[in-house]
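Engineer: Quick check, what structure comes out for this input:
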Amino acid sequence: MYTKEDDTKQDGLKNLLDSYERDLIIDALKITFGNQSRAAKLLNTSRRVINYKVHKYTINLTDFRLARLKKRKGGQSSATTDVAYGHTYICKIP
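Structural biologist: Here you go, the predicted structure:
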């Protein structure tokens, strides 16, 4: 028998999966400085899917692209270095 508690469990799981997916996309965009095509390759999906998810989760690509410009200018204020990839980035997560 299907109960209201089952709905609550499904909503919780959906929210958890959405959060995980959003985090994966944000990490890929950090590594690629907002380049959706390269992020799609990292995640083994298409650019179209990444673009859809960026809009779905309201991810601001400008924040990732600004990090690349800041790195070129040599600025290090409030920047984080990803040790595994050697990239420096700044990201504001909404």
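Engineer: Count the residues that sit near the closest residue to residue 53 other than its chain neighbours.
Structural biologist: Spatially, and ignoring its direct neighbours in sequence, residue 53 is nearest to residue 25 (5.4 Å; CB to CB, 6 or more residues apart in numbering). C-beta: built from backbone N, CA, C; applies to glycine. Neighbour count of residue 25, defined by other CB atoms under 10 Å: 23.
Engineer: So which residues of the chain form helices?
Structural biologist: With DSSP state H, the ranges of helices along the chain come out as 4-31, 36-42, 47-56, 61-73.
Engineer: Flag every buried residue along the shortest one.
Structural biologist: Across helix 36-42, burial judged by 16 or more other CB atoms under 10 Å covers 36, 38, 39, 40, 42.
Engineer: what packs against it?
Structural biologist: With contacts taken as 3 or more CB pairs under 8 Å, 6 or more residues apart in numbering; DSSP states H and E, helix 36-42 sits against helix 4-31, helix 47-56.
Engineer: got it, and the first one?
Structural biologist: Packing partners of helix 4-31 (3+ CB pairs under 8 Å, 6+ apart): helix 36-42, helix 47-56, helix 61-73, strand 87-89.
Engineer: what about this protein, any weak spots by pLDDT?
Structural biologist: Counting by pLDDT under 70, the chain shows low-confidence ranges at 1-6, 71-94.
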